[in-house]
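Asks: I would like to see how this sequence folds:
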Amino acid sequence: MAKIVFALNQSLDGFVDHMAFQPDPVLFRHFIDDVRDLTGSLYGRRMYETMRYWDDDHDEWDESEREYAAAWQSKPKWVVSRTLTSVGPNASLIEGDLATAIRGLKAQHEGVIEVAGPELAHSLTELGLVDEYRLYLHPVVLGHGKPFFAGPRPPLRLVASDRIGDQAIRLTYVPA
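Replies: Numbers count the residues shown, from 1 in each chain. From the prediction side, this is the model:
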C-alpha cells in the first residue's frame with residue numbers, strides 16, 4: 001500500500017512560497033533523487049499548474065534542471081480539480097469522491113505518493129489520509145502568504161530531522 005506524504009518548502013514563520021527560496025545545489029539534488037524515488041505526485045489545480053513548468057524543455061536550463069524535469073515527467077501525476085477538464089502528459093484527473101479516490105490510489109500502488117499544496121493536503125488531513133509530513137524549513141521569514149498547514153492538523157510526532165545542504169532542515173512528522 002502506498003504512503004501519502006505531504007512535503008513542501010516552508011519559511012521559519014510557516015509560509016510556503018516557491019518563489020521565496022531557491023534550493024542550493026545539494027537540496028536540489030535531494031529533490032531530483034526524491035522525485036525519482038516517488039511512485040507519483042498528487043496535486044491540486046494551482047500547484048499542478050505551477051509544476052507544469054517542468055513539462056517543457058527550456059534552453060536556459062542547466063543539467064540539474066534537465067534531470068529534475070526528466071524525473072518529474074516520468075512519474076504519474078494525479079490532479080484534484082473541480083475546474084480542469086483535461087491535464088497534461090502522464091497525468092490523470094481525480095473525479096468523484098476524494099476519499100474514495102485517494103484510498104483507491106493508496107491500495108493500487110506501493111511506495112510514496114507525494115501530495116503538494118496546502119489546501120489539498122488539508123483536505124486529505126481531515127480525511128485521515130496523510131501518512132507523513134515533510135517540512136523543508138528555510139531560514140527565511142516571509143511575514144505573510146499561504147501557510148504550510150491550511151487548517152487544524154492532528155497531533156504530530158517528530159520521527160526524523162535532517163540537514164540538507166547549507167540552508168534547509170527537513171523535519172519529518174507522522175500523525176501521533
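
Asks: what about the residue nearest to His138 when sequence neighbours are not counted, how many neighbours?
Replies: Distances taken as CB to CB, 6 or more residues apart in numbering place Phe21 nearest to His138, at 4.4 Å, with adjacent residues excluded. Where C-beta positions appear, they are placed from N, C-alpha and C, glycine not excepted. Using other CB atoms under 10 Å, Phe21 has 19 neighbouring residues.

Asks: can you tell me which residues contact Phe21?
Replies: Asn9, Ser11, His138, Val140, Gln167 (CB atoms under 8 Å, 6 or more residues apart in numbering).

Asks: now these as TSV including distance to Lys106?
Replies: Conversion of the contacts of Phe21 to TSV gives the following (distance: CB to CB, whole Å):
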residue	distance to Lys106
Asn9	25
Ser11	30
His138	30
Val140	33
Gln167	33
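
Asks: quick one: which of those sit in strands?
Replies: Secondary structure assignment (DSSP state E) places Asn9, Ser11, His138 from these within strands.

Asks: So what pairs up with the second one in the strands?
Replies: This points to Ser11. Beta-bridge partners for Ser11, by DSSP bridges, are His138.

Asks: Test my guess that it contacts Tyr136.
Replies: No: Ser11 sits out of contact with Tyr136 when judged by CB atoms under 8 Å, with a separation of 10.3 Å.

Asks: measure the residue nearest the centre of the chain to Leu98 for me?
Replies: Most central residue of the chain, judged by C-alpha distance to the mean C-alpha position with CA atoms, centre = their mean, is Ala116 at 2.9 Å. With distances defined as CB to CB, to the nearest Å, the gap from Ala116 to Leu98 amounts to 16 Å.
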